[in-house]
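> coordinates only, sequence not included:
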């Protein structure tokens, strides 16, 4: 595993992480998968209260030396009022079974709650040693600037966004460029676009990645991950079996040529959402509340 410096911090993390969205269907399998990922050097584990997987992650990390992993979780936007941020963090820490969280992220912007109130709570959590770093997720450039300006003594160190060969909005809207310029780590979720990469309607893209992969004796999925790494981002694929974890970890063991990166860059595969999920999530915290409540009701 190749390790990297995490943004503007001194933290050393694996160049790919492990996502945990929707891993709760088989608890024992999920726990095993997280431990296997750690064995293969993947030390960045991402979760969220909205996922309902924090307890599973915590169970997997029991008896694991604390220095061997870096935990990132998220507070849901309907919890962005000051007291609710503090409470949500305490509950996340309890579910994870930890004394502190390495990276605490705002899951989505909340237009109905003043960002200054939210960030005041985040800095309180840092002061109390409950979180080590502050991050955001699904934030645009303007939203990052607004959030950063609300902090008095801290910095935003990361922005977790959807980014993959098929979905490149952060390139066109300036988010990727801004984060690079300001040394804000870009954490790329859904690196395989929730499995769409291997579906029939994207055969041409998959085949192109597969052809490139044969040059390096790597799979199309490994090429997709390595391309994200070449962009300076941290991809966090979900993996629930031994073979996929090994495959993902091995994606760090080669380097795409400039020509192959350029060939992938030229793929035009913009995918339009039938339901504008991002716009809905940014306008109202109702869906956040429903999803979080369902995820953690047990």
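Perfect, I can see it now. Computed from a prediction, not measured in an experiment: that's the story for all the values here.
> pLDDT below threshold where in the stretch 151-298 of the chain?
The stretch 151-298 of the chain contains residues with pLDDT under 70 at 194-196, 198-201, 269-298.
> Swap in 50 and give it another go.
Applying pLDDT under 50 to the stretch 151-298 of the chain flags the ranges 272-275, 298.
> Spatially nearest residue to residue 261 (excluding sequence neighbours)?
Leaving out its chain neighbours, the residue that sits closest to residue 261 by Cβ to Cβ, 6 or more residues apart in numbering is residue 230, at 5.3 Å. For every residue, glycine as well, the C-beta is placed using N, CA and C.
> pretty sure the one you found contacts residue 256?
Yes - with contact defined as Cβ atoms under 8 Å, residue 230 reaches residue 256; the gap is 5.6 Å.
> the more surrounded of these two?
Comparing residue 230 with residue 256 by other Cβ atoms under 10 Å, the one with more neighbours is residue 256, at 20 against 16.
> Wait, a strand at that one?
No - secondary structure assignment places residue 256 outside any strand; it is coil (DSSP: H, G, I helix; E, B strand; the rest coil).
> Just to check, it is in contact with residue 228?
No - with contact defined as Cβ under 8 Å, residue 256 does not count as touching residue 228 (10.4 Å).
> OK, contacts around the residue nearest to residue 261?
With contacts taken as Cβ atoms under 8 Å, 6 or more residues apart in numbering, residue 230 has the following neighbours: 255, 256, 261.
> can you count the residues close to residue 56?
Residue 56 sits with 24 neighbouring residues when counted by other Cβ under 10 Å.
> So it belongs to a helix, correct?
Yes - the assignment for residue 56 (three-state DSSP) places it in a helix.
> got the contact list for it?
By Cβ under 8 Å, 6+ apart, the contact set of residue 56 is 20, 23, 24, 27, 30, 31, 34.
> One more pass at 10 Å, please.
Neighbour list for residue 56: 20, 23-24, 26-31, 33-34, 47, 95-96 [criterion: Cβ atoms under 10 Å, 6 or more residues apart in numbering].
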